[in-house]
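Chemist: let me see the structure of the following:
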Amino acid sequence: MVPVRIQVLMGQYATLEEPLVFSFSEDKPPLPARFQLELDKIGGEAVHLNSVIAEYRGAHCSFRNEEVRINMEIALSIVLKSPRGTFTLVQRNYRANWHRTWGEMLPERREITDPGRWTAQLEVGPIHCEIVHWHRQGSQLLLEVLGRGPMKISLYEWCDVDVNVSAKSSAEGYGEGDRPQPETPRVKANPKVQALPGTKVAKRLLKGKREQSEQRANEATASSTTALPTDVMKVAQRPFEEAERRAIPVPSISLADGSLRRPADSPGRTMGKSLWGMTGPATAERQWEHRLIQLQRQMAEKERKVAELMTELQQTRAEQERLKQENQNIIRRMEEQQMRGQRFFSRVFGRTGA
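Modeler: Residues are numbered from 1 along each chain as shown. Okay, the predicted model is just below:
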């Protein structure tokens, strides 16, 4: 039994219309964001507010026992129009504060004892801005903007699970010089940790990943017995180079949410799509599968080039036939003109030519 720490998707919070650009206040509803633009810095002319565009640039999530807080970074592009018809772009960075209680986001988890075990992934769609009010006061332009857009939050919790690992299967995955060291005595896992919610889901996910790996290996074995031409088999039977071995991807187990972390890493560190974050020599079946895929791609590329050459050849032949027909038409017209000239000269000079 090997203790593994993974992330488990616990719930999602999604809305189609969420206020994203506003002034945050705990005891008041969301208010429009207010900005002051110095007109002296942008020309000092009498201007008219044309449009406001908002773009989501990232967010930082913080978890507490009672609520979830998200600080979103939003870039605002304010377009001003002068009486002469010229436009001026003013850019401002804005931080919107968003918060919800756990009861609103996860009704079944109203109380959170350890907020440090939680992480979130935030997706924000296009933000539609609405100009609530604007007026000019001296050299300043006072602007109130309200923005709304779709938001989707995926909440994940770190869970500790135990995974069964066979010593025989683990030893087969190493080379002659990479044998695993003798295991040190492990500390027995805490029963309370095993009883955390999401443990069964994590085990089911790991089992599904193992079944997918076995299915891919069986498909590679079946594909290696496919009949191929003799020249293709000769190329496939040549020994692998070291660079090709390193280039072959090693099958790995991905996390439930597709995040890229090792079991012992902190939640903020990302390493890759593999659960273990390790690379090593590929098995013979994976090498054959990789080689067959390369050969199939090469054959498809050659067939595509042959088809292109045949198309060019047909076009060239058609062009030659067209030019040949044009030459024949020109020769026929020249012969007709010569015959007409001979008749004319014989008719005019035939009587006096003797």
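Chemist: those helices in the stretch 1-150 of the chain, which residues are they?
Modeler: 102-105 (DSSP state H, counting those that start in this stretch).
Chemist: low-confidence ranges, it, go.
Modeler: Residues of the stretch 1-150 of the chain that meet the criterion pLDDT under 70 lie in 1-7, 22-31, 40-46, 109-111.
Chemist: and the strands in it?
Modeler: 2-21, 33-38, 48-63, 67-81, 87-101, 118-124, 128-137, 140-163 (DSSP state E, counting those that start in this stretch).
Chemist: looking at those strands, which is buried most?
Modeler: strand 140-163 (a mean of 19; mean count of other C-beta atoms under 10 Å). Every C-beta, even on glycine, is put in place using the N, C-alpha and C of the backbone.
Chemist: by contact count, what packs against the longest helix seen in the chain?
Modeler: For the chain, the helix that runs over the most residues, judged by DSSP state H, is helix 284-349. Here helix 284-349 touches helix 199-224, helix 230-236, helix 242-247, going by 3 or more C-beta pairs under 8 Å, 6 or more residues apart in numbering; DSSP states H and E.
Chemist: mean confidence for the shortest one?
Modeler: Right, helix 242-247. The average of the pLDDT scores along helix 242-247 is 42.
Chemist: the helices and strands packed on helix 284-349: lowest mean pLDDT?
Modeler: Among these, helix 242-247 scores lowest, with a mean of 42.
Chemist: mind putting the strands of the stretch 1-150 of the chain into a markdown table with distance to E108?
Modeler: Formatted as a markdown table, these follow (distance: least, C-beta to C-beta, whole Å):
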| stretch | distance to E108 |
| --- | --- |
| strand 2-21 | 8 |
| strand 33-38 | 34 |
| strand 48-63 | 17 |
| strand 67-81 | 15 |
| strand 87-101 | 13 |
| strand 118-124 | 15 |
| strand 128-137 | 33 |
| strand 140-163 | 12 |
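Chemist: can I see the domain layout of the protein?
Modeler: 2-159, 189-302 (automatic domain parsing).
Chemist: any idea how far K324 lies from R333?
Modeler: K324 is 15 Å from R333, where distance means C-beta to C-beta, to the nearest Å.
Chemist: surely M72 touches A59?
Modeler: Yes - with contact defined as C-beta atoms under 8 Å, M72 counts as touching A59 (4.5 Å).
Chemist: contacting residues around S51?
Modeler: V79, C129 (C-beta atoms under 8 Å, 6 or more residues apart in numbering).
Chemist: let's see 6 Å
Modeler: Going by C-beta atoms under 6 Å, 6 or more residues apart in numbering, S51 touches V79.
Chemist: what does the one 4 residues further on give?
Modeler: For E55, the set of contacting residues under the criterion of C-beta under 6 Å, 6+ apart consists of A75.
Chemist: got it, and the one 4 residues further on?
Modeler: The contact partners of A59, by C-beta under 6 Å, 6+ apart, come to I70, M72, L122.
Chemist: from V124, how far out is the closest residue in space to the last one that isn't next to it in sequence?
Modeler: Nearest in space to L122, with sequence neighbours left out and distances taken as C-beta to C-beta, 6 or more residues apart in numbering, is A59 at 4.9 Å. For A59, the distance to V124 under the criterion C-beta to C-beta works out to 8 Å.
Chemist: nice, that's everything, thank you.
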